[in-house]
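Visitor: Quick one, fold the following:
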Amino acid sequence: MTDDPFVAHRNLLFTVAYEMLGSAADAEDVVQETWLRWADVDRTHVRDARAYLVRIVTRLALNRLRALARQREEYIGEWLPEPLLTSPDVAEDAELAESVSIAMLTVLETLGPVERAVFVLREVFDTPYDEIAEVVGKAPAAVRQIAHRARRHVAARRPRMRVAPAEQLAVVEKFMSALATGDVQGLMEVLAPDVVAIADGGGVVPAARKPIAGAERLTALLLRLAQAPGFVAAGAWLNGMPGVRFEVEGAAAAVSLVVEDGRITHLYAVNNPHKLGRLESPAELRR
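Guide: Predicted coordinates:
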């Protein structure tokens, strides 16, 4: 055990930064910078170390998010959050699992930096409005209004329902079985008719640069992929829920799924190799 609050709350700080940035690499940089700031603090004046550290990491993440905005605008193809390998116990906290899901992080990308900070701190970490106001430099009343707008914005774009991990796992297993056997009908049944697939190759490796919509079109693409030499599909816990990892001809992809009413409505496939560095050991996420 350690008495250093930074060490005690490091996993929390990483989670805040990751939800703010959608990038594990950038989140790690922000956490490291938080440590450097914390090392110079006169701690005799710090009443609540957890709140103080969250304030530092959020402000640094806000600065980083603003700096990254131009890069993401110029990104080649679709930009998706960096996937994380997680342990099954993350799913036991349903709100945490939903908040770090690729689907939710993709929705958060549509918020402005301040809106995102307010939403993450209030909705995920239940931070009081006055503390959030101090972080973002606005009055508590203004923060309440921002929170209301952000909630409404996210509610209109997030998946309609939460799915139990066991239900999602069953759908993932059906999906992989149909893929492995080339079962066209099986894939058509597990994919929603209006399913949408989004791929992120970052211009580094081949990937569709626009969303692919429709079960028939996606089934044809998936079966072609499955017939490629050396294709392997394996289940994996990604961002708090069951997902899939593909490998084909030396290339890899992490595929996160959204399941509603027993069928897959969205696939988020990240095969940009620069975003696949956190898939060897489970990330430690905390609220």
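Visitor: Distance from the helix or strand containing Ala236 to the middle of the chain?
Guide: Using DSSP states H and E, Ala236 falls within strand 232-238. Centroid separation for strand 232-238 versus its chain: 16 Å, with C-alpha atoms, centre = their mean, to the nearest Å.
Visitor: Whichever helix or strand comes after that strand - contacts with which helices or strands?
Guide: With elements assigned by DSSP H and E, the helix or strand that comes after strand 232-238 is strand 241-248. On a contact count with 3 or more C-beta pairs under 8 Å, 6 or more residues apart in numbering; DSSP states H and E, strand 241-248 meets helix 165-181, strand 232-238, strand 251-260. From N, CA and C alone the C-beta is placed, and that goes for glycine too.
Visitor: coming back round to it: export the strand holding Ala236 to PDB, keeping only CA atoms.
Guide: Coordinates of each C-alpha in strand 232-238 appear next as PDB, following Å, rounded to 0.1, in the frame of the first residue of the first chain:
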ATOM      1  CA  VAL A 232      -8.400 -15.700 -37.300                       C
ATOM      2  CA  ALA A 233     -11.300 -14.400 -35.200                       C
ATOM      3  CA  ALA A 234     -11.200 -14.600 -31.400                       C
ATOM      4  CA  GLY A 235     -13.400 -13.200 -28.700                       C
ATOM      5  CA  ALA A 236     -12.000 -10.400 -26.500                       C
ATOM      6  CA  TRP A 237     -13.300  -8.100 -23.800                       C
ATOM      7  CA  LEU A 238     -12.900  -4.600 -25.300                       C
END
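Visitor: ok, and what's touching the helix or strand encompassing Ala147?
Guide: According to DSSP H and E, Ala147 maps onto helix 140-155. Contacts to helix 140-155, defined as C-beta atoms under 8 Å, 6 or more residues apart in numbering, come from residues 104, 107-108, 110-111, 114-116, 118-119, 122-123, 129-130, 132-133, 136, 138.
Visitor: for the record, mean pLDDT for the strand holding Ala236?
Guide: Mean pLDDT, strand 232-238: 95.
Visitor: do the same with stretch 196-216
Guide: 95.
Visitor: Could you pull up the contacting residues of the nearest residue to Arg50 once chain neighbours are set aside?
Guide: Closest residue to Arg50 apart from its sequence neighbours, by C-beta to C-beta, 6 or more residues apart in numbering: His9 at 5.5 Å. His9 makes contacts with Ala49, Arg50, Leu53, Val54, as judged by C-beta under 8 Å, 6+ apart.
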